[in-house]
Each structure stands twice: as C-alpha cells, then as structure tokens.
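Enquirer: Sequence first, predicted coordinates after that:
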Amino acid sequence: MNLHLSLLAGALLVTQSAFAAPPACYNFSPVNQFNVQVSASFWNPIIRYVSARSKVCMKLKLGRTSADTTSFVLAREVDFAFTNHLFSPDRDKMGWTVFGRRNSPPLHAQIVVPADSPIRDIRELAGASVSFPGAEALVAYKVNYAQLLRAGIPVNVVFAGNQDAAFTQLFAGMVKAVGANSQLVANWSGREGNAFRVLWSSAPFNDLALMASPRVPAEQVRAVANAFLTMHNDPEGKRVLAESATLIHAPVPLSFVAASHADYASYRAFYADAPASLR
C-alpha cells in the first residue's frame, strides 16, 4: 500500500510539473520614435540579445502609435520600457526605476520646416497646421507646443502617430511645420535625404530612459541592466548595435550607459513650469 501511494504521489508530481506555468516573460515597450516596421527592426535584435545574455525572458510589445505603446505601460501590461513619458508628478508615483539610457548627445525639442520653406520664424506659423508625433511625446510635442503657447502662436495641432509619419506629412505638403526632437530630425535626414530649417530649439534633455517596473525582482533588473550596459563590449552585442545604428542612420555609434532618476531632472523641471494643459 505504501509503495502504491508513493507511486501515485510521484505520478501526480510529474503531472503537475508538466502543466506548471513557464518562466515569466516580460514585455519591453519602447516609445515609437519611428514607424512600426523600423521600430520593430531596430529593437527586436537588441531585445533578443539582452534576453539571451541576461537569461531573463523579454519580448517586444509595440503599439500602432506612441500613445498606444505608452498606454501599455500605464495599464501595467509591460515591465521594461524605453521612454521619457513617466516623469510627470503623477507617473513618478508608479515607482518605475531608471537604469540606463542610450549613449547619445542630448536631445533638443525643435520646430522644423523644409529647408526650402519660405517660413523663417515660428511667428509665421500662426494659424497653420503643425504635425507632432502624438500627445504623449514629451520633447517632440509638449516642449514644442508649450513654446508656441507661451509665444501666443495659435496653430492647428495634427497628431501623426509617430515621428516618421509627422515628417511624411510635412514633405507631402499636408502641414507647414513639425514638432520633433533633434535626434530624430538627424535620423530622418540621413535615411530620407530631406533637409530641414530649424525655427526654434529648446534647452537640452537627456535621451530616453531604460526603465523597469517595480514588479520586476531586483536580481532580474540587474541582469537586464548589465546586458544592456555591457552590450557594446561583446562582439555579438557590438554587431547588433552597429546594425541597429545603421538602420536609423544614427550619427554616433550606438551603446547604452548607466543612468538614474537624477539624469532626468530637466524633464521634471519642464513639468513644474509647463502650461496646465500639458502636465
């Protein structure tokens, strides 16, 4: 009888193991800085590398627009992000941790027109249609639109969904100007060959942050951070970064460096002084 019970218990244990839940696989959501195809082509190889090196299962989760992708973060459907959409006072309370950023020059909010546009001053945009990536785009929309509001320049705001779509609208003649960030202006010029005139440029902001949800165990956050931050020192990681940089025509070699919440003080300062409609 004892032998029978032991065999039965063993059989139950095997059955339970067979149906045990797989290890957690975390969603990673980067803000849509490019169109969905380019964004996926840029991030998927990086996430596959980081997942393999950290031994923390990760997969890319992208929305159709930057607002959609940020909604995943706010709905707690993702646990890692590449974003600057979480530094408002309310979102700071969510407890996400900054652990890194791209090693790239600071960003500037810029209001741009085609290089051959007759428009040479932002005051000439009064009453015109101006395209922005989306209402969540902190540098490309909020900082630029705050400047237009402060200057008393009324414009017809057009949300394109991502920065590539906004530039496409500009060069198709659908809008007179675009709110962007300097990094993406340079990337687009390299990829598409279009030249811009900058009508206004802001003070600098650090590039978007690599962030982790408070739900992710600290040990796994450290493993993921280490994989990102040492990627450029590993031959395979260096190859992946070089291919991703080539895809977007990055002006400098791509790598990731350590960062903390202190590196994003300029974002919090913006919210402290922003028009109420943009906080």
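Expert: Received it, and whenever you're ready, just let me know what you need.

Enquirer: How about residues contacting the helix or strand containing Ala245?
Expert: Element membership of Ala245 [criterion: DSSP states H and E] is helix 235-248. If you take Cβ atoms under 8 Å, 6 or more residues apart in numbering as the criterion, helix 235-248 is touched by 34, 38, 41-43, 45-46, 49, 53, 187, 190-191, 230-232, 250, 253-255. Backbone N, C-alpha and C define where each C-beta goes, glycine included.

Enquirer: Please put the alpha-carbon coordinates of it into CSV.
Expert: Output of helix 235-248 as CSV, limited to C-alpha atoms (Å, rounded to 0.1, in the frame of the first residue of the first chain):
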residue,chain,number,x,y,z
PRO,A,235,31.4,41.1,-30.3
GLU,A,236,27.9,39.8,-30.9
GLY,A,237,26.3,42.7,-29.0
LYS,A,238,28.5,45.2,-30.8
ARG,A,239,27.4,43.7,-34.2
VAL,A,240,23.7,44.0,-33.2
LEU,A,241,24.2,47.6,-32.1
ALA,A,242,26.0,48.5,-35.3
GLU,A,243,23.2,47.1,-37.5
SER,A,244,20.6,48.9,-35.5
ALA,A,245,22.5,52.2,-35.7
THR,A,246,22.9,51.7,-39.5
LEU,A,247,19.1,51.1,-39.8
ILE,A,248,18.3,54.5,-38.4
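
Enquirer: so how far is that helix off the chain centroid?
Expert: 18 Å (Cα atoms, centre = their mean, to the nearest Å).

Enquirer: What of stretch 68-85?
Expert: Offset of stretch 68-85 from its chain centre (Cα atoms, centre = their mean): 9 Å.

Enquirer: hang on, the earlier thing: got the buried residues for the helix holding Ala245?
Expert: Neighbour counts over helix 235-248 (16 or more other Cβ atoms under 10 Å) mark 237, 240-241, 244-245, 247-248 as buried.

Enquirer: following it, which helix or strand shows up next?
Expert: strand 256-258.

Enquirer: Could you give me the buried positions within that following strand?
Expert: So for strand 256-258, counting by 16+ other Cβ under 10 Å, buried means Phe256.

Enquirer: tell me the mean pLDDT over the very next helix or strand once past it?
Expert: Using DSSP H and E, the helix or strand that follows strand 256-258 in sequence is helix 265-273. For helix 265-273, the mean per-residue pLDDT is 94.

Enquirer: which residues make contact with helix 265-273 from outside it?
Expert: Contacts for helix 265-273 (Cβ under 8 Å, 6+ apart): 84, 87-89, 92, 138, 142-143, 146, 203-206, 279.

Enquirer: Can I get stretch 72-84 in PDB, CA atoms only?
Expert: The C-alpha trace of stretch 72-84 is given here as PDB (Å, rounded to 0.1, in the frame of the first residue of the first chain):
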ATOM      1  CA  PHE A  72       0.500  49.500 -22.300                       C
ATOM      2  CA  VAL A  73       2.900  50.900 -19.600                       C
ATOM      3  CA  LEU A  74       0.100  52.800 -17.800                       C
ATOM      4  CA  ALA A  75      -2.100  49.700 -17.900                       C
ATOM      5  CA  ARG A  76       0.700  47.700 -16.300                       C
ATOM      6  CA  GLU A  77       1.000  45.400 -19.400                       C
ATOM      7  CA  VAL A  78       4.700  45.800 -19.600                       C
ATOM      8  CA  ASP A  79       7.600  45.600 -17.200                       C
ATOM      9  CA  PHE A  80      10.500  47.200 -19.100                       C
ATOM     10  CA  ALA A  81      10.400  50.400 -21.200                       C
ATOM     11  CA  PHE A  82      12.400  52.900 -23.200                       C
ATOM     12  CA  THR A  83      10.600  56.100 -22.600                       C
ATOM     13  CA  ASN A  84      10.500  59.600 -21.300                       C
END
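
Enquirer: picking that back up, could you save the buried residues of helix 235-248 as TSV and add columns showing pLDDT and distance to Gln163?
Expert: As requested, the buried residues of helix 235-248 are arranged in TSV below (pLDDT from 0 to 100; distance: Cβ to Cβ, whole Å):
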residue	pLDDT	distance to Gln163
Gly237	98	26
Val240	97	23
Leu241	97	21
Ser244	95	17
Ala245	94	17
Leu247	94	15
Ile248	92	11
